[in-house]
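In: From the sequence below, what's the structure:
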Amino acid sequence: MKLKHSVSAVALLAMAAGACAQDVVVKIGHSGPLSGAQAFSGKDNENGARLAVEELNAKPITVGGKKLKFELMSEDDQGDPKAGVSVAQKLADAGVKYVVGPYNSGVAIPASRIYNEAGALIAPVATNPKLTQQGYKNIFRINASDTQLGSKMALYAANELKVKNVAVIDDRTAFGQGLAEEFKKQARASGLQVAGHEYTTDKAVDFTAILTKLKSKNVQAVFFGGYAPQGAPMARQMKQLGIQAKLLGGDTICTAEMGKLGGDAVGENVLCAQGGTLLDKAASGPAFKAKYKKRFNAEPDVYASAYYDAVLMYAASMQKVNSIDPAKVGADISAGTYKGVSGAYAFDAKGDMKSSPVTIFTFKNGQPAAIASY
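Out: A predicted model of the protein is given here:
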């Protein structure tokens with residue numbers, strides 16, 4: 001009988017110890033295009049987040065006396081607004097309070113309302129200024145906005161390329177339109193003539209009619225507000241038509257996919273603006289690139305490091321406030337600065353980065369090559 005009581009006591013102690021040791025699960029949501037033409041970017045972003053989650057679980061952090069276990073819930077929003085809202089609702093219903101993404105402005109703007117109502121924090125790279133002008137307190141844009149990307153590309157075109165006559169093409173997405181308008185605004189302010197503004201879609205592959213029209217206007221540069229799957233064939237068709245103008249764009253054509261799809265039509269004739277510092281020159285950039293390549297057998301693309309930083313930024317604030325309450329974590333992120341691989345993240349009242357350097361790239365051997373910080 002005595003032995004029986006002893007066994008029961010031991011069992012109770014073991015159960016209590018197990019309860020104390022039980023991990024608190026923190027779900028990290030990822031919303032991005034994992035299918036379709038932009039899947040290469042969505043997967044790259046997801047990989048950055050996954051690498052951070054795996055590192056956090058390998059060396060667990062403790063908050064409120066409990067060990068945290070991070071789980072990545074990655075969903076395909078197809079780069080489509082309607083699908084993005086469905087993904088947001090799915091993540092909200094699953095109790096996800098921390099999200100990295102969305103990638104596309106057209107997705108992020110409508111989805112942000114769902115996340116805001118659910119009390120979830122989001123860290124998008126979507127660049128349209130409207131995203132952070134909605135008055136929500138849950139958004140932390142981890143990248144330069146269209147205002148910075150478009151205007152810096154226009155300044156570079158005016159001051160360094162010395163062009164005088166430019167044209168603009170946008171794909172009618174929230175991202176493409178916003179970026180093109182910011183380029184156009186700064187181009188005119190810098191004394192450039194905008195000879196035309198043409199429109200396409202993010203599904204188009206034939207731009208000959210638009211380009212033929214612009215060729216007759218003798219433009220020296222064409223700024224494209226859109227993505228690499230359209231930018232690459234545009235570059236090829238410019239070459240076929242004998243158009244000598246530079247092709248300019250934002251961060252979404254600053255990718256190896258642009259060189260891969262465009263072949264020998266993508267070289268020093270293509271220039272693009274990307275937010276953040278160059279990984280090779282960042283203090284912990286080379287180490288991140290090595291870790292990423294070892295884990296995924298590929299080079300990180302444009303935003304893998306920013307998504308990696310965002311997950312670790314969330315975790316750092318959880319530790320700092322000793323809580324996983326998104327309201328407390330969000331307040332800490334708003335008030336502080338987090339030093340990540342891609343730079344220092346400090347946000348203004350709207351959720352935009354206070355300072356986001358922009359790097360201008362061209363292409364060499366099919367790969368983006370940095371030429372200046374602007």
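
In: Break the protein down into its structural domains.
Out: What automatic domain parsing lists as the domains of the chain is 22-143+281-341, 146-275+359-373.

In: Mean neighbour count and distance to A349 added to those, as TSV?
Out: Bear in mind the C-beta positions are built from the backbone N, C-alpha and C, glycine included. Formatted as TSV, the domains of the chain follow (neighbours: other CB atoms under 10 Å; distance: least, CB to CB, whole Å):
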stretch	mean neighbour count	distance to A349
domain 22-143+281-341	20	8
domain 146-275+359-373	21	16
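
In: want to throw the ones you listed into a markdown table with mean pLDDT?
Out: Output for the domains of the chain, formatted as a markdown table (pLDDT from 0 to 100):
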| stretch | mean pLDDT |
| --- | --- |
| domain 22-143+281-341 | 96 |
| domain 146-275+359-373 | 96 |
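
In: and of those, who's closest to D352?
Out: domain 22-143+281-341 (5.2 Å; CB to CB).

In: Just put the domains of the chain in JSON lines and tack on distance to D348.
Out: Listed next are the domains of the chain as JSON lines, based on distance: least, CB to CB, whole Å:
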{"stretch": "domain 22-143+281-341", "distance to D348": "9"}
{"stretch": "domain 146-275+359-373", "distance to D348": "12"}
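
In: Surely G225 is in contact with A174?
Out: No: G225 is beyond contact range of A174, at 10.2 Å (criterion: CB atoms under 8 Å).

In: could you pull out the helices for the stretch 1-150 of the chain?
Out: Secondary structure of the stretch 1-150 of the chain, counting by DSSP state H, counting those that start in this stretch: helices at 2-21, 39-58, 81-93, 105-117, 146-159.

In: May I see those helices arranged in CSV, with distance to A335 as well?
Out: Listed next are the helices of the stretch 1-150 of the chain as CSV, based on distance: least, CB to CB, whole Å:
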stretch, distance to A335
helix 2-21, 32
helix 39-58, 22
helix 81-93, 25
helix 105-117, 19
helix 146-159, 23
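
In: and of those helices, who's closest to K137?
Out: helix 105-117 (7.9 Å).

In: Mind listing the strands the strand ranked longest in the chain pairs with, and their directions?
Out: Ranked by residue count under DSSP state E, the longest strand found in the chain is strand 66-76. Using DSSP bridges, the strands paired with strand 66-76 are strand 24-32 (parallel), strand 62-63 (antiparallel).

In: can I get these in JSON lines with distance to A265?
Out: Formatted as JSON lines, these follow (distance: least, CB to CB, whole Å):
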{"stretch": "strand 24-32", "distance to A265": "28"}
{"stretch": "strand 62-63", "distance to A265": "51"}
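
In: and F207, which of those is closest to it?
Out: That would be strand 24-32 among these, by CB to CB, at 26.0 Å.

In: Tell me how far the closest one lies from the chain's centre.
Out: 16 Å (CA atoms, centre = their mean, to the nearest Å).

In: next one: stretch 264-282
Out: With CA atoms, centre = their mean as the basis, stretch 264-282 stands 15 Å off its chain's centre.

In: Which parts of the stretch 101-250 of the chain are strands?
Out: For the stretch 101-250 of the chain, the strands defined by DSSP state E, counting those that start in this stretch occupy 121-123, 165-170, 193-199, 221-225, 246-249.

In: ok, for N159, nearest residue in space, not its chain neighbours?
Out: Nearest residue to N159 in three dimensions, chain neighbours excluded: S190, at 7.5 Å (CB to CB, 6 or more residues apart in numbering).

In: Now do the same contact list for the one you found.
Out: By CB atoms under 8 Å, 6 or more residues apart in numbering, the contact set of S190 is A154, L155, A157, A158, N159.

In: In this structure L155 contacts Y374, no?
Out: Yes: counting by CB under 8 Å, L155 touches Y374, with 6.5 Å between them.

In: which stretch among the helices of the stretch 1-150 of the chain comes nearest E257?
Out: helix 39-58 (5.0 Å).

In: starting at the chain centroid, how far to that closest one?
Out: With CA atoms, centre = their mean, you get 12 Å for helix 39-58.

In: So what touches that helix?
Out: 28, 30, 32-35, 68-72, 74, 76, 79, 100-101, 103, 125, 252, 255, 257, 291-292, 295-296, 298, 300-312, 315.
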